[in-house]
Structure formats: structure tokens, C-alpha cells
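>>> can you look at this prediction? I've put the sequence above it.
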Amino acid sequence: MATNFFAGARTPEQRLNIIIGQLNGLKKALAKGRYECSALITQIKATKAGLDAVLEKVLEEQLDRCLKTAKSKPEVKKIFSQALRK
């Protein structure tokens, strides 16, 4: 689900800017008390999906970079263990 959240090849920074815009919109709606419950929940879920997409992209890039520089099997195991804990 998270992989299709953003159409096109956007950078993590561009994706984060979209998420920040969504969060600002949610904050304003809550502050003014102008929202429908279902719309609010939909926006929160969309924001969460966007953040999941950013996480997936960053992890993919970082793991790829780290694995290319790993010198041994124990080092590869350590990299995966650290990524999965976070």
C-alpha cells in the first residue's frame, strides 16, 4: 500500500513536504473544529501512508548503500538487525 501512495518518482524530501502540508491542514481543521470525522480519519490515514512510503524509500536507499560497503557476513547481519529494530 505505501509503495503506491505517491505517483511518480518523487524524492523523500518532496514527499515529506507533501506530508507536512497534510499535517498543517489537519492541524488547522482541528483548531477550527471544522471537519467531518470520516474526512479527518481519511486524511490521517493518507498522511500515515505517506510517511510509510518515505520510510520504505529511505530504508531501501540506506540498506542498499550499507550492504554495498559491508565487508563480511556478520556485518551484513548487523546491518539488517539494526534496520529491523527501528
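Alright, I've got the coordinates. Numbers count the residues shown, from 1 in each chain.

>>> show me what the one helix or strand residue 40 maps to is packed up against.
Element membership for residue 40 (DSSP states H and E) is helix 37-69. Under the contact criterion of 3 or more C-beta pairs under 8 Å, 6 or more residues apart in numbering; DSSP states H and E, helix 37-69 touches helix 12-32, helix 73-85. No exception for glycine: its C-beta is placed from N, CA and C like everyone else's.

>>> from residue 11, how far off is the residue lying farthest from the centre of the chain?
What lies farthest from the middle of the chain is residue 72; by C-alpha atoms, centre = their mean that is 29.7 Å. Counting by C-beta to C-beta, to the nearest Å, the gap from residue 72 to residue 11 is 32 Å.

>>> where does this protein have low pLDDT?
Where the chain drops to pLDDT under 70, the residues are 1-9, 86.

>>> number of residues surrounding residue 53?
21 (other C-beta atoms under 10 Å).

>>> hmm, it is touching residue 18, no?
No: using C-beta atoms under 8 Å, residue 53 makes no contact with residue 18, being 9.9 Å away.

>>> quick one on the thing from earlier: which one of the helices and strands packed on helix 37-69 is the most hemmed in?
Ranked by mean neighbour count, those are led by helix 12-32 with a mean of 13 (mean count of other C-beta atoms under 10 Å).

>>> what sits up against that helix?
6, 10, 35, 40, 43-44, 46-47, 50-51, 53-54, 57-58 (C-beta atoms under 8 Å, 6 or more residues apart in numbering).

>>> take these and write them to JSON lines, including distance to residue 26.
As requested, those are exported to JSON lines (distance: C-beta to C-beta, whole Å):
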{"residue": "6", "distance to residue 26": "18"}
{"residue": "10", "distance to residue 26": "20"}
{"residue": "35", "distance to residue 26": "8"}
{"residue": "40", "distance to residue 26": "7"}
{"residue": "43", "distance to residue 26": "6"}
{"residue": "44", "distance to residue 26": "7"}
{"residue": "46", "distance to residue 26": "10"}
{"residue": "47", "distance to residue 26": "7"}
{"residue": "50", "distance to residue 26": "12"}
{"residue": "51", "distance to residue 26": "13"}
{"residue": "53", "distance to residue 26": "18"}
{"residue": "54", "distance to residue 26": "17"}
{"residue": "57", "distance to residue 26": "22"}
{"residue": "58", "distance to residue 26": "23"}
